[in-house]
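Q: Structure of the sequence below:
(chains A and B)
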Amino acid sequence: MIGVYRELEGSMRLAAHVLRRFWVLRLPPVAEEFARQIYFTGASATATIVFRGALVGTLIIAYVIDVLNADASLAVKMLLWVVLREIGPLIAAVLVIQRSGTAVATELALMKISGEVASLRNMRIDPQDYLVVPRVFGIALANMALTVYVQFIAVGGGMLLSAVIVDTSLGELAGSFFLLASPLDLVYSIAKSLLFGAAIGVIACYYGLNPPGSSINAVPKAAISAVTQATLAVMLLNVVFAYLVYGSALFGLFTAAQ
Amino acid sequence: MSAAGDVALGYEPLAEGTGRDGRLWIEPGGSHVVPAVSAAFKAALLSAVLELKPRRDVRVVVLGAELDALPPKARAGLRAQVAFLPANGGLISNLNGWENIALPVGYHAPRRLAGLAPAVYAMLEQFGADPRSLLARLPEEMTLYERKLAGYVRMRLGRPRLVLAEDLGGGLGVGERRRAAGFADAYLADCPEGTFVQLEDVADESG
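A: Next up, the predicted model:
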């Protein structure tokens, strides 16, 4: 229990440091790290992440339409409420955890164990400034971009599939979708994906900089902890967001169940 | 006990049997070699000097200042004048030679970055390295001497007044060792008021 509290406190402190010291991004070496992180998490992962995201999004729509015997109107609502608002940000976040969360935790744990973090301190460079701030902002921005890609492809794929299964024209589906969608949907998913990305970055950096030991065995342990805790944090944040948006509906569901 | 004013680096345990026994008292200026430094003493010394935290068990003097007597802000100012050159050069593994060398300048004084290249090229050439090749390579693609040299050049750019170099010749061939021995002289030629301290490891007698 004390360990959990310590980890939570450590992550919160790291998050506070990132917010307090965001200006270090303008320093050339930190800006380079930031650009590298965006490239690694965002650009170099785009193809695989978008492909997997589109696959999952399309499968969900196919499954929902088949099981619920949905009509065009329900298919569009599913695309908006499930794929755009919920599944898109979640898929992007889970894939970013798998790819960048693991990589960041492993890299930082190795740097810590091999003495490179101490080397930064010897140069009077704050490791949190140089290693954490650019990674957290980089992962947050890249996760946001990936979420938008996933949403675009998943909604597009879902619409194409719906048009085939429900026997409605693509134009009609798209028209209903844009009639139902509002800019708030975009704001909601962007805010969510930014927060998911920041949480993934902070947690991966925290476990990377605090490996459970100084031997090489501590590296995979740090990566496992980062992935597990980042996944948990994303799920919890998703619940908080869902409560904020559908709060009364959720409350209604709970009371109905009782 | 000696007066602190005329000391570049002083380290004196205040109690016997602390496990950090060993005394160091180095006058300012010139190059000094501290032979046969045990790992425990080196770790205690470096921790005291580089972290610059007041300690109860040892008396630490850095550049004429008693550490205990200094307020935190003054300690930070003092730390900026002390550099440590690790035995492996202390490079960051995912940065190439140039990025490693320019890292502290880019972080502490970004405006100096523009005029950095000529000085870096000159120092690397002075010690027999091909700057274009070395600056483009990652540390894992460098020899130990090249890593030490890159760390040395990076340290020089910080213009420290006190340099602690760890086992400068360790692991090097005869020719490279001779070149590395010139690091102190080149530093002192550029910074005559500086002090260059080499901490040599205890010789490995197992082989």
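
Q: Give me the buried positions along the top helix by length along chain B.
A: When chain B is parsed with DSSP state H, its longest helix is helix B:174-190. Buried residues in helix B:174-190, counted by 16 or more other C-beta atoms under 10 Å in any protein chain shown: B:176, B:179-180, B:183-184, B:187-188. Where C-beta positions appear, they are placed from N, C-alpha and C, glycine not excepted.

Q: How about stretch B:60-71?
A: Buried residues in stretch B:60-71, counted by 16+ other C-beta under 10 Å: B:60-63, B:65-67, B:70.

Q: Please flag which of these sit within strands.
A: B:60-62, B:65-66 (DSSP state E).

Q: Looking at the residues you listed, which one is closest to chain A?
A: Using C-beta to the nearest C-beta, B:V62 comes nearest to chain A of those, at 14.3 Å.

Q: Go ahead and confirm that closest one touches B:V82.
A: Yes - counting by C-beta atoms under 8 Å, B:V82 is a contact partner of B:V62 at 6.3 Å.

Q: what's the overlap in contacts for the two?
A: Applying C-beta atoms under 8 Å, 6 or more residues apart in numbering or on different chains, one finds that B:V62 and B:V82 are jointly contacted by B:49, B:162.

Q: I believe B:V33 is in a helix; please confirm or correct that.
A: No - secondary structure of B:V33 (DSSP: H, G, I helix; E, B strand; the rest coil): strand, not part of a helix.

Q: so it sits right up against B:E200, yeah?
A: Yes - under the criterion of C-beta under 8 Å, B:V33 makes contact with B:E200 at 6.2 Å.

Q: Looking at the two, which one has more neighbours?
A: A side-by-side neighbour count of B:V33 and B:E200, using other C-beta atoms under 10 Å in any protein chain shown, places B:E200 first with 17 against 12.

Q: Please identify which helix or strand holds that one.
A: Applying DSSP states H and E as the criterion places B:E200 in strand B:195-201.

Q: what helix or strand does the residue nearest to the spatial centre of chain B sit in?
A: Centroid check for chain B by C-alpha atoms, centre = their mean gives B:F84 as the closest residue, at 2.7 Å. Applying DSSP H and E as the criterion places B:F84 in strand B:82-85.

Q: strand partners of that strand, parallel vs antiparallel please.
A: strand B:162-166 (parallel) (DSSP bridges).

Q: Would you map the helices across chain B?
A: According to DSSP H, the helices that chain B contains are B:39-51, B:72-79, B:97-108, B:117-126, B:131-136, B:144-157, B:174-190.

Q: just to revisit the earlier point, now the strand holding B:F84, how far from the centre of its chain.
A: 3 Å (C-alpha atoms, centre = their mean, to the nearest Å).

Q: Tell me the residues on chain A that lie near chain B, please.
A: A:27-30, A:32, A:107, A:111, A:114-116, A:119-125, A:129-130 (C-beta under 8 Å from any C-beta of the partner chain).

Q: For PyMOL, write the selection for the buried entries among those residues.
A: The PyMOL selection below is limited to those of the residues of chain A next to chain B classed as buried (16+ other C-beta under 10 Å):
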select buried, chain A and resi 27+29+30+32+107+111+116+119+120+122+123+124+125+129+130
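
Q: Might you specify the subset of the residues of chain A next to chain B located within strands?
A: Nothing among those maps onto strands, per DSSP E.

Q: Quick one: neighbours of residue 22, just the number.
A: In the absence of a named chain, chain A is used. Neighbour number of A:F22 under other C-beta under 10 Å is 13.

Q: nope, chain B
A: Neighbour tally, B:G22, other C-beta under 10 Å: 16.

Q: Run through who's touching the strand holding B:F84.
A: Counting by C-beta under 8 Å, 6+ apart, A:122, B:46, B:49-50, B:62-63, B:90, B:148, B:151-152, B:155, B:158, B:160-166, B:168 sit against strand B:82-85.

Q: Narrow these to just the buried residues.
A: For those, buried by 16+ other C-beta under 10 Å: A:122, B:46, B:49-50, B:62-63, B:90, B:148, B:151-152, B:155, B:158, B:160-166, B:168.
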